[in-house]
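Participant: curious how this folds, go ahead:
(2 chains)
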Amino acid sequence: MKRILVLCGLLLASGAYADANTDILAKIDAQVSFMDSDFSTEIEMKETKPGEGVTERTIALFRRDSEEKYVMLLLKPESDKGKGYLKIGNNLWLYETVPTRRFTVTSAKDRFQNSNARNSDFTRSTFAEDYKIVATAHEKLGSFDTTVLSLEAIRDDITFAKTKLWVTADNLVRKKEDYSLSGQLLRTTAMPSYQEFKGRYIPKKVTIVDALLGKTLNGVFKNEVTEYSMGKLSTDPLPSIIFTQSYLEKNSQ
Amino acid sequence: MIRTLLLGLACLVLIPGLWADDSTDSLFTNPEPDSKADTTQKVSIDPFNGRSVTFFESLDVDGYYISGYRADNTEINTPVDALNFGFGSDVRLDRTTRAYASLYISYPTQNTSSTNLYNPYQPSINLNEVTSLNFSSILVKELFLDYSLGNAAIFRLGRQTATWGQGKIFNPGNLLDGIQNGVAAKVSTAVGPVNVTLVAIKNDSEYNISTGESFLSLANAMLAEYSAGVFSIGFSGFYNIGVGSKADGYIKTSLWGTDLFTEVLAEWGTAMNETTTGVAGFYHEFGEDTKWLKLETEWLVSGRGTTGTFASVANQNLGFSDQTLGIAASSEALSDISLKPSLAILHSFVDNSGQVILAFDSTALPHIDLSMALTRVYGASGSRYIVNNPDSQDRVWSVTVKASFNFDIKSTDGKS
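Facilitator: Below is the predicted model of the structure:
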């Protein structure tokens, strides 16, 4: 009887631990998602490829998190102007303008315009739905006291099989490391500062260091780095027509 | 000796990693404090809403050589060349109105048609084989007017392109076959979470109207799409008095990292014989950062075709006996050297005919695309893929070597 009680106690405790885990991740998601309104922003992106120079892009991002939709429209450079992405639920289309104007199905896992960002970086945050916590620790990250959460994906279609978050007491992710299933570090993302906006938090600047891509210059391996910042923030309602292929067709160049 | 060699190799692999400058730690030593966002500006939903005029030009030069054998072992070698000069303009008056024209001049002018290799239901592709120096007159690729009715609807009127349907290999759900060579009016809107598109297509040749009553060649189509959770669903319909009616429905989802879809098309009426066509498929990418295999597999069960051809108008219902398997695979494993291998297999179970194409495509040189393809078309005489051999010379074994050069340039308000 005692054994059964102990077993029940352990099961209840593990359930409570799992709930607590989900709760932490849900709080992290809630800080950066807009489930009760639309969200729009302009992203200034700078991609540095060692030995190849710097590429700068400006992107308009329109999100309707409650319906799992987003549209990204490239505003600069001139050669990419009018390209775009449309995500509706699980469908993600890339609208290309050169050599012909056409929609192709693409993956959230794919690199955004061959940069170090992934298409999934621009959706709402879904750590609670996609990952489980397998380990926690406390660590000093520069001037921040952080909890380090080691996560494993609970489904195969998640962009990164394993990820590690450095989270401050205000439930903001300051640093993130993404790993392959085999444990290979793929990239490191730093978000040291946030801007508070309508009760949510948007990183002032995101720096993504690709662990695999880069070039050896003067004997030193230099990683590819993509940095972006988000400005012109708004939660004004967006017309539904934005989340259609016709909107991208209309804005094609 | 072996140890030394292994040590050397380990150093070569590890040392660049040790020296790697991949740390973000310095960003956290003295970070800018969190603060309130600047909310004085917001991004425009009409970023290209000003008056602008863009002119563009393109030049595509293709040269390829096809060498192979017919079924009777006759050797046929064919050099092929094609040259297209494209030009056009994109004029925006304000946020509501835009006029777009894309025109081209082609050399040579005479084409021979061939069944589209990957989608027998689509309009045929052209293989240019005449080498006389004789340019065509100006051809219209696209010519349309866009009009936005506030934020409620977007209209497009004129010659345009559009594709419906979910299949990447077999696409019976594309109800807009006739839009390619016709004139169409399209309106898109969103009704709550449902995206709705209505299309009216005028195409005298596609809908086989020769009576002079041109309204008979007007076809109407409608598509409604909706996403709920992990599922996306869509329904579409088509009607033309000469062709008949079509109704199509699809459902898509993603499970275990694999995209899955199934789609059913029903056709009935004047030229149809109450046929039903179904296609189901999956798409999966293998590999984490580098996709070493991208695999699309589709299964077509069609009552639409006849025994010997993929005719676009059905006259015989084959029911579930007409089944075709399509596999398309490609790899990014050789992307470091800008080489993309791909393999396509189509097999019809109704008469055991099919096609296998192994191709390599190189984009290592700027503006130049080099490719090579090995093609095998198999089946008994009169079988589907033998009758619809995409090669106009009916080779059943062939090697194609192709080089393409292209460039595009555009200038907006005088700025390139």
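Participant: could you pull up the residues touching the one residue in the stretch 1-150 of chain A that gets nearest to chain B?
Facilitator: Per C-beta to the nearest C-beta, A:G142 is where the stretch 1-150 of chain A lies closest to chain B, at 2.6 Å. Where you see a C-beta, it was placed from the backbone N, CA and C, and this is true even at glycine. Residues in contact with A:G142 (C-beta atoms under 8 Å, 6 or more residues apart in numbering or on different chains) are A:P192, B:D25, B:L27, B:F28, B:T29, B:N30, B:P31.
Participant: and if we set it to 6 Å?
Facilitator: With contact taken as C-beta atoms under 6 Å, 6 or more residues apart in numbering or on different chains, A:G142 is in contact with B:F28, B:T29.
Participant: repeat for B:I154
Facilitator: A:S246, A:K250, B:S148, B:S188.
Participant: confidence score at the residue of the stretch 1-150 of chain A closest to chain B?
Facilitator: Predicted confidence (pLDDT) for A:G142: 91.
Participant: equivalent analysis for the one 5 residues further on, please.
Facilitator: pLDDT for A:T147: 95.
Participant: pLDDT-wise, which helix or strand of the chain ranks last?
Facilitator: All of this is about chain A. In chain A, no helix or strand scores lower on mean pLDDT, DSSP states H and E than helix A:2-32, which sits at a mean of 66.
Participant: if you could check chain B rather than the one you did, that'd help
Facilitator: Result, chain B / mean pLDDT, DSSP H and E: strand B:125-128, a mean of 43.
Participant: quick check: phi and psi at the residue of the stretch 1-150 of chain A closest to chain B.
Facilitator: When read as degrees, to the nearest 10, the backbone of A:G142 gives phi 60, psi -120.
Participant: output the below-cut-off pLDDT ranges for the chain.
Facilitator: Unless you meant another one, I'm taking chain A. A:1-21, A:98-100, A:107-109 (pLDDT under 70).
Participant: try again with chain B
Facilitator: B:1-22, B:108-136, B:208-214, B:270-273, B:289, B:304-321, B:414-416.
Participant: smallest gap between it and chain A, at which residue?
Facilitator: B:F28 (2.6 Å).
Participant: what helix or strand is A:L248 located in?
Facilitator: Using DSSP states H and E, A:L248 sits in helix A:245-251.
Participant: touching chain B at all, that helix?
Facilitator: Yes - residues of helix A:245-251 are located near chain B by C-beta under 6 Å from any C-beta of the partner chain, namely A:S246, A:K250, A:N251.
Participant: tell me which residues touch the first one, please.
Facilitator: Right, A:S246. Going by C-beta under 6 Å, 6+ apart, A:S246 touches B:I154, B:S188.
Participant: try it again at 10 Å.
Facilitator: By C-beta atoms under 10 Å, 6 or more residues apart in numbering or on different chains, the contact list for A:S246 reads B:146, B:148, B:153-156, B:162, B:186-190, B:195, B:197.
Participant: residue 235: what's it in contact with?
Facilitator: With no chain named, the answer covers chain A. A:34, A:36-40, A:63, A:197-200, B:39, B:42.
Participant: you looked at the wrong chain, it should be chain B
Facilitator: Contacts of B:F235 by C-beta under 10 Å, 6+ apart are B:V194, B:M222, B:L223, B:A224, B:E225, B:Y226, B:A247, B:D248, B:G249, B:Y250.
Participant: cool, and A:L213?
Facilitator: A:L213 is in contact with A:K49, A:P50, A:R111, A:N116, A:L186, A:R187, A:N223, A:E224, A:V225, B:D289, counting by C-beta under 10 Å, 6+ apart.
Participant: helix, strand, or coil at it?
Facilitator: strand (DSSP: H, G, I helix; E, B strand; the rest coil).
Participant: ok, back up a step: tell me which two of the contacts of B:I154 sit farthest apart.
Facilitator: B:S148 and B:S188 (10.2 Å; C-beta to C-beta).
Participant: okay, and the common contacts of the two?
Facilitator: Contact criterion C-beta under 10 Å, 6+ apart; residues shared by B:S148 and B:S188: A:I241, A:S246, A:Y247, A:K250, B:I154, B:F155.
Participant: put together CSV for the residues you listed, with distance to B:L325 on each row.
Facilitator: Shown next, in CSV, are the shared contacts of B:S148 and B:S188 (distance: C-beta to C-beta, whole Å):
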residue, distance to B:L325
A:I241, 39
A:S246, 34
A:Y247, 37
A:K250, 39
B:I154, 39
B:F155, 41
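Participant: please report the distance of A:V225 from A:I208.
Facilitator: Distance of A:V225 to A:I208, computed by C-beta to C-beta, to the nearest Å: 7 Å.
Participant: ok so, going back, check which element follows the least confident helix or strand of chain A along the chain.
Facilitator: strand A:39-49.
Participant: which neighbouring elements make contact with that following strand?
Facilitator: strand A:53-64, strand A:69-76, strand A:200-203, strand A:206-217, strand A:220-234 (3 or more C-beta pairs under 10 Å, 6 or more residues apart in numbering or on different chains; DSSP states H and E).
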